[in-house]
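Colleague: predicted model follows, preceded by the sequence.
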Amino acid sequence: NAGVTQTPKFQVLKTGQSMTLQCAQDMNHEYMSWYRQDPGMGLRLIHYSVGAGITDQGEVPNGYNVSRSTTEDFPLRLLSAAPSQTSVYFCASSSDRRYSGNTIYFGEGSWLTVV
Amino acid sequence: AQTVTQSQPEMSVQEAETVTLSCTYDTSESDYYLFWYKQPPSRQMILVIRQEAYKQQNATENRFSVNFQKAAKSFSLKISDSQLGDAAMYFCAYRSAEGGSEKLVFGKGTKLTVNP
């Protein structure tokens, strides 16, 4: 029962470097999304996708890029890392609410530090 | 845009006692979903309970229940017979029922401490 898998779990980057956080789900979910969690805050939506080839911006999209070439994968790219992007990142997925009962599944989080 | 407010940054409860966590939200929509998520120190997001806005009956899951007041836009979580394992951050979240809207709006969270 893999569910939603995020890699890496921990990463330290230097300012200006780029990297990709990987997210994969094995539940054939249409919907996938990326959130970030900062101290004293709840999760905030970065980008989301309602299906392969379709993505859209969330609340805090600047500095991040996404694509969805397959149903299973939804990578998050940091184009030029900044200290303000130090955060915990969560990937989530869900199916059509008519069949899923509205359950949204979260990955275990990726801790990113930008120095 | 929808907002979710949790007015209690921290709460504490004695083991075996009952505690209520508050949540209010703002929306102009009539159909939506509300959730409580638990986040232990491991940072895993665990769904505790959910409520569909069109349902008048309050949701319950074992020791967890909600008091959903749609007119007041209030969605509190009651934890009965608190256990040490209930200690965690608790987040209230809102989700629109509009088609294609799968995003969650979160409150800032309430840190719950359970004292033995």
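Modeller: Structure received.

Colleague: name the residues of chain A found near chain B, please.
Modeller: Counting by CB under 8 Å from any CB of the partner chain, the residues of chain A lying close to chain B are A:31, A:33, A:35, A:37, A:40-45, A:48, A:50, A:58, A:88, A:90, A:92, A:94, A:97, A:102-104, A:106, A:108-109. Where C-beta positions appear, they are placed from N, C-alpha and C, glycine not excepted.

Colleague: again, only this time at 7 Å
Modeller: Contact residues (CB under 7 Å from any CB of the partner chain) of chain A with chain B: A:31, A:33, A:40-43, A:45, A:48, A:50, A:58, A:88, A:90, A:94, A:102-104, A:106, A:108-109.

Colleague: read off the pLDDT value for B:Gly100.
Modeller: In the predicted model, B:Gly100 carries a pLDDT score of 58.

Colleague: right, I mislabeled it, should have said A:Leu13
Modeller: pLDDT for A:Leu13: 96.

Colleague: what about it, neighbour count?
Modeller: The local packing of A:Leu13 (other CB atoms under 10 Å in any protein chain shown) involves 18 other residues.

Colleague: list the contacts for it?
Modeller: The contact partners of A:Leu13, taken as CB atoms under 7 Å, 6 or more residues apart in numbering or on different chains, are A:19, A:81, A:112, A:114.

Colleague: now it, which residues is it bridged with?
Modeller: A:Val114 (DSSP bridges).

Colleague: put the buried members of the residues of chain A next to chain B into a PyMOL selection.
Modeller: Written as a PyMOL command, the selection of buried residues from these, which uses 16 or more other CB atoms under 10 Å in any protein chain shown, is:
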select buried, chain A and resi 31+33+42+43+45+48+50+58+90+94+102+104+106+108+109
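
Colleague: which of the residues of chain A next to chain B fall in strands?
Modeller: Cross-referencing those against strands under DSSP state E gives A:31, A:33, A:43, A:45, A:48, A:50, A:88, A:90, A:94, A:106.

Colleague: tell me where chain A has helices.
Modeller: Using DSSP state H, the helices assigned to chain A run over residues A:97-100.

Colleague: return the set of residues that bridge with the residue of chain B found nearest chain A.
Modeller: Using CB to the nearest CB, the single residue of chain B nearest to chain A is B:Phe106, 3.0 Å away. With DSSP bridges as the criterion, B:Phe106 is bridged to B:Ala93.

Colleague: show me the contacts for it.
Modeller: Remark: with contacts taken as CB under 7 Å, 6+ apart, B:Phe106 is in contact with A:42-43, B:4, B:91, B:93.

Colleague: for B:Tyr37, same thing?
Modeller: Residues in contact with B:Tyr37, defined by CB under 7 Å, 6+ apart, are B:45-48, B:91, B:93.

Colleague: quick one: which two of those residues are the most distant?
Modeller: The largest separation in those, counting by CB to CB, is between B:Ile46 and B:Ala93 at 12.3 Å.
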